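Q: coordinates only, no sequence provided:
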């Protein structure tokens, strides 16, 4: 979910005007909200746990679900107990995935901006928030650039370590489909574990999003209403410079479509490069990529991953420094926004395509060439049909990343072309029930679009094994 949606969801649940505080005030007849987590470290940590719980579930759980169960069975035949088989067989195999998940969580938290800015305030300013303040408020681009260099160096080192751990997790194993390993929970202990995990998921992940949807359709008097949604297309200020939130939805959709097309255009060749294959359009004859050495590819992989861990604010600052000069002045142009969004979505597209590219059988290309197909036709009629699910996954990733991007857009967007996250952040910072309600309504719409996109992503994800 976009950071602004998460911020709005947690304020709708446990904020001063949230559903939980309103229910407790009404039940206990209190004058002040009993839960005081607004602008606190606790609220920030809760939001980051909301994000990163599913990172562990996806990386560790996804890898665990494809491990060959015969390994533990062989340990049991040799006399190992279930605990010993887990500790000496399963856990060592899971260690690279656990390390990669932990490092990815650290990278995400280290580069977090929107959550800290919207939920923490100035008291808990991080490196990203300080970069934004030095750029947007104090106009100290030199200080902001120095902070950005420190952050980029730290992120590069952590990303390099992440790719090494991910490569260790890709050791030759007889991975199996999830359906082959899945088994129902028959014992009461297994049912207790599954039920407890579902309860945690519903409480931690479902409650804030449900509160967001309910609070967006609840008026200041507590009665159900759709006034906040109907107000999204109105210019209530009467100003000629005011952009209605509905226009921001249109802007976000157009920017997301443009960013998706651009990301695929640069991400597909990059994925071919990392997969160790020549692009078919360049005349691949089935040989492994031999021009660039394997050491260079090892360094190239974390470089391609760098935008994933680099703060969006840092990227926005870089575009200001490059395109703010008279010779290349593009700051203030809406054409620059899809470019920034494409750079941020680029690692997701590459990582979505890599498993599918590495899984392509080279004999299919050889057969097509033996039948007289040229490189372009092989790419069009062999590679693309097989890669289509992975391409669709990458496109969904790029679309949702662009749709929810907040940090870089906040620095470079033209006033006439705000996006939905920018408008939500602006409305959350303004007083008044009407502004707050419109922010929740916009957040609910963005949440629904993102949710539908990822439901589609899960249906077309490449097999049961992936790098995200």
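A: Ah, there it is. From a predicted model like this one, the values you see are computed outputs, not experimental measurements.

Q: spit out the contact partners of residue 43.
A: Contact partners of residue 43, counting by CB atoms under 8 Å, 6 or more residues apart in numbering, are 10, 14, 37, 119, 120. (C-beta placed from N, C-alpha, C; glycine too.)

Q: between the two ends of stretch 9-20, what distance do you get?
A: Between the start and the finish of stretch 9-20 there is a gap of 12 Å, counting by CA to CA, to the nearest Å.

Q: got the buried residues for it?
A: 9, 10, 11, 12, 13, 14, 15, 17, 18, 19, 20 (16 or more other CB atoms under 10 Å).

Q: the first one touches residue 212, doesn't it?
A: Yes - judged on CB atoms under 8 Å, residue 9 makes contact with residue 212 at a distance of 4.1 Å.

Q: any residues in contact with both of the two?
A: Contact criterion CB under 8 Å, 6+ apart; residues shared by residue 9 and residue 212: 443, 447.

Q: next secondary structure element downstream of the one helix or strand residue 51 maps to?
A: Secondary-structure element containing residue 51, defined by DSSP states H and E: helix 41-56. Where DSSP H and E defines the elements, the next helix or strand beyond helix 41-56 is helix 62-64.

Q: so which elements touch that next one?
A: For helix 62-64, the elements it packs on are helix 91-110, judged by 3 or more CB pairs under 8 Å, 6 or more residues apart in numbering; DSSP states H and E.

Q: doesn't residue 139 lie inside a strand?
A: No - read with DSSP: H, G, I helix; E, B strand; the rest coil, residue 139 is coil and lies in no strand.

Q: dihedrals phi and psi, it?
A: Torsion angles at residue 139 (phi, psi; degrees, to the nearest 10) stand at phi 60, psi 30.

Q: ok, now how distant is it from residue 365?
A: With distances defined as CB to CB, to the nearest Å, the gap from residue 139 to residue 365 amounts to 55 Å.

Q: give me the more crowded residue out of those two.
A: Just comparing residue 139 and residue 365: by other CB atoms under 10 Å the higher neighbour count belongs to residue 365, 21 against 10.

Q: the more buried one sits in which helix or strand?
A: Using DSSP H and E, the secondary-structure element containing residue 365 is helix 362-370.

Q: any idea of the mean pLDDT in that helix?
A: Across helix 362-370, the average pLDDT comes to 77.

Q: what's the spacing between the residue positioned nearest the centre of the chain and residue 150?
A: For the chain, the residue nearest the mean C-alpha position is residue 401 (6.3 Å; CA atoms, centre = their mean). For residue 401, the distance to residue 150 under the criterion CB to CB works out to 25 Å.

Q: ditto for residue 350
A: If you measure residue 350 against residue 150 using CB to CB, the figure is 26 Å.

Q: kindly report the same for residue 212.
A: Residue 212 sits 35 Å away from residue 150 when distances are taken as CB to CB.

Q: can you pick out the residue with more neighbours from those two?
A: Taking residue 212 and residue 150 together and counting by other CB under 10 Å, residue 212 has the greater number of neighbours (25 against 10).

Q: my read is that that one contacts residue 445, right?
A: No - between residue 212 and residue 445 there is no contact, the gap being 10.6 Å when judged by CB under 8 Å.

Q: return the list of helices and strands in contact with the strand or helix carrying residue 442.
A: Using DSSP H and E, the secondary-structure element containing residue 442 is helix 433-460. Contacts defined by 3+ CB pairs under 8 Å, 6+ apart place helix 433-460 against helix 3-14, helix 207-216, helix 227-230, helix 245-274, helix 384-404, helix 420-428.

Q: nearest to residue 412 among those would be which one?
A: Among the helices and strands packed on helix 433-460, the nearest to residue 412 by CB to CB is helix 420-428 (10.5 Å).

Q: identify all contacting residues around that closest one.
A: Judged by CB under 8 Å, 6+ apart, the contacts made with helix 420-428 from elsewhere in the structure are 2-5, 7-8, 11, 114, 117-118, 243, 245, 248-249, 251-252, 403-406, 409-410, 413, 418, 435-436, 438-439, 442-443, 445-446.

Q: tell me the pLDDT of residue 87.
A: Looking at residue 87, its pLDDT reads 86.

Q: you'd agree it is in a helix?
A: Yes - assessed by three-state DSSP, residue 87 belongs to a helix.

Q: how about residue 151: what's its closest non-neighbour residue?
A: In space, and not counting its chain neighbours, residue 151 is closest to residue 127: 5.3 Å by CB to CB, 6 or more residues apart in numbering.

Q: residues near that neighbour, how many?
A: Under the neighbour criterion other CB under 10 Å, residue 127 is assigned a count of 20.

Q: ok, it - contacts?
A: 110, 147, 150, 151, 311.

Q: mind checking how far the first one is from residue 334?
A: With distances defined as CB to CB, the gap from residue 110 to residue 334 amounts to 30 Å.

Q: again with the second one
A: According to CB to CB, residue 147 stands 28 Å off from residue 334.
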